[in-house]
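> Any chance you can model this:
(one chain, ligands or ions: 1)
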Amino acid sequence: MIIDEYKKPKTIEEAYSIITTKEGSQIIGGGAYMRLSKKHISTAVDLSNLKLDFVTETNNYIEIGAMTTLRELEINEITNKYFNGIISKSIRNIVGVQLRNIATVGGSLAGKFGFSDLITALSVLDCKVVLYKAGAVDLLNFTNQKYNDIVEKIIITKNNLKADFQYLRNTKTDYAILNVAVSKHNDHFYKIAVGARPGIAVYAEKAENFLKSVDFSKENAEKAGLIASEEIKFTSNFRASAEYRQELCKTLVSRAILNINY
Ligand SMILES: Cc1cc2nc3c(=O)[nH]c(=O)nc-3n(C[C@H](O)[C@H](O)[C@H](O)COP(=O)(O)OP(=O)(O)OC[C@H]3O[C@@H](n4cnc5c(N)ncnc54)[C@H](O)[C@@H]3O)c2cc1C
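Predicted coordinates:
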């Protein structure tokens, strides 16, 4: 990464003005992923003066600032209190503590990486991404659209849903071959997201619909895994073949459903 000019704005307005007026400018979160690229950046915009590193809780919501590091999120008391700790579970195996001390929530979402563990986990929660200009948008809407904007924070609705996260990696510090998040809102309402296919997380809607019509049992959890594996599109890369990912999907989806219910 080559940077011509480095700016550390004191206000978010200033940061936004730079990225929307200076050609070739780019926001830097933790910079952990950006530094791997050979990209030429005219003006790098560092957000670390904007007080966007926070995790707070109100009566109904958890709010997480964009500059919060993955390590903070992993060990934070508030995020760990809810959803069976799915947020921490999804990120605590990303490389090592040093990297998680650098990588940020904003960079993890804005990067829209197919392998993202955090995006898969947040997909099954009621999560909105708050952008400086566009305001609050659904996570799915955010990942599917292009925004020249600044992620300020995410807002997660506090509810009693139960959740689980599953993944498989070839080696400890590698990207996941597949990651799966499942949440249970009530006996017949589940959200199932499958990511690192290697594409970004998508919902297994047919499997979700199947679970609407049946009571929980081990057999039905396995059937839901099978349905998910048949409806979702997998592709091959050097980490795993599409066929292997499809097989894995059956196991990880059913395992997550079983974990939530036992
Ligand atoms: C070696 C390595 C291994 C990794 N392994 C995994 C893994 O196994 N699983 C996993 O889920 N993740 C993994 N990651 C990704 C990591 O978890 C972070 O998601 C990634 O580093 C991006 O976070 P960052 O703060 O470093 O963002 P940066 O690298 O600073 O930025 C990434 C992108 O987001 C943009 N951006 C940053 N902040 C904002 C903002 N607030 N608003 C708008 N745009 C913004 C930047 O302009 C850039 O385009 C890995 C990263 C590395 C470097």
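> And for Asp126, the neighbour number?
Counted with other Cβ atoms under 10 Å, residues neighbouring Asp126 total 17. Where you see a C-beta, it was placed from the backbone N, CA and C, and this is true even at glycine.
> What distance do you get for it to Lys184?
13 Å (Cβ to Cβ, to the nearest Å).
> gap between Thr171 and Ser229?
Counting by Cβ to Cβ, the gap from Thr171 to Ser229 is 24 Å.
> ok, now Glu77?
Using Cβ to Cβ, Glu77 is found at 36 Å from Ser229.
> So between these two, which is more surrounded?
Neighbours per residue, other Cβ under 10 Å: of Glu77 and Ser229, the larger number sits with Ser229, 22 against 8.
> OK, contacts around Leu161?
83, 125, 183-185 (Cβ atoms under 8 Å, 6 or more residues apart in numbering).
> what's the farthest-apart pair in those residues?
Leu125 and Lys184 (11.9 Å; Cβ to Cβ).
> Residues that sit against both of the two, list them.
Joint contacts of Leu125 and Lys184 (Cβ under 8 Å, 6+ apart) are 161, 163.
> wait, Asp4 sits on Ser42?
Yes - Asp4 is within contact range of Ser42, at 5.2 Å (criterion: Cβ atoms under 8 Å).
> Who has more neighbours out of the two?
Per other Cβ under 10 Å, whichever of Asp4 and Ser42 has more neighbours is Ser42, with 14 against 11.
> quick one: that one is in a helix?
No - assigned with DSSP: H, G, I helix; E, B strand; the rest coil, Ser42 falls outside any helix and is strand.
> list the contacts for it?
Counting by Cβ under 8 Å, 6+ apart, Ser42 touches 4-5, 22-25.
> ranges for the helices of this structure?
Assigned by DSSP state H, the chain shows helices spanning 12-21, 70-75, 77-81, 86-91, 97-100, 105-110, 117-123, 139-144, 205-213, 218-231, 242-261.
> Which strands or helices does the fifth one pack on?
Put plainly, it is helix 97-100. helix 70-75 (3 or more Cβ pairs under 8 Å, 6 or more residues apart in numbering; DSSP states H and E).
> So for this protein, the centremost residue is which one?
Ile119 (1.4 Å; Cα atoms, centre = their mean).
> I'd like to know which of the contacts of Leu161 is nearest to the ligand.
Proximity of the contacts of Leu161 to the ligand (Cβ to the nearest ligand atom) peaks at Leu125, which lies at 15.8 Å.
> Name the nearest residue to the closest residue to the ligand within the chain, ignoring sequence neighbours.
As assessed by Cβ to the nearest ligand atom, the ligand sits closest to Gly107 within the chain, at 2.0 Å. Among residues not flanking Gly107 along the chain, Gly29 sits closest, at 2.8 Å (Cβ to Cβ, 6 or more residues apart in numbering).
> pretty sure the one you found contacts Leu109?
No - using Cβ under 8 Å, Gly29 makes no contact with Leu109, being 9.2 Å away.
> Have a look at those two and say which one is more surrounded.
Neighbours per residue, other Cβ under 10 Å: of Gly29 and Leu109, the larger number sits with Gly29, 25 against 22.
> what's near enough to touch the more buried one?
Contacts for Gly29 (Cβ under 8 Å, 6+ apart) come out as 47, 66-67, 103-104, 106-108, 110.
> By neighbour count, which of those residues wins?
The most crowded member of the contacts of Gly29, judged by other Cβ under 10 Å, is Thr104 (29 neighbours).
> State the pLDDT value of that one.
The model reports Thr104 with a pLDDT of 98.
> Okay, and the beta partners of it?
In this entry, Thr104 is beta-bridged to Thr69, by DSSP bridges.
> Going forward, the N-terminal residue is numbered 20.
Yep, numbering from 20; the last one is Thr123 now.
> Tell me who's in contact with it.
48-49, 85-89.
> still on that earlier bit, just the ones of the contacts of Ser61 in strands?
The strands, defined by DSSP state E, take in 23-24 from the contacts of Ser61.
> related to what we said a few turns ago, right, and the residue of the chain closest to the ligand touches Arg54 too?
No - using Cβ under 8 Å, Gly126 makes no contact with Arg54, being 11.1 Å away.
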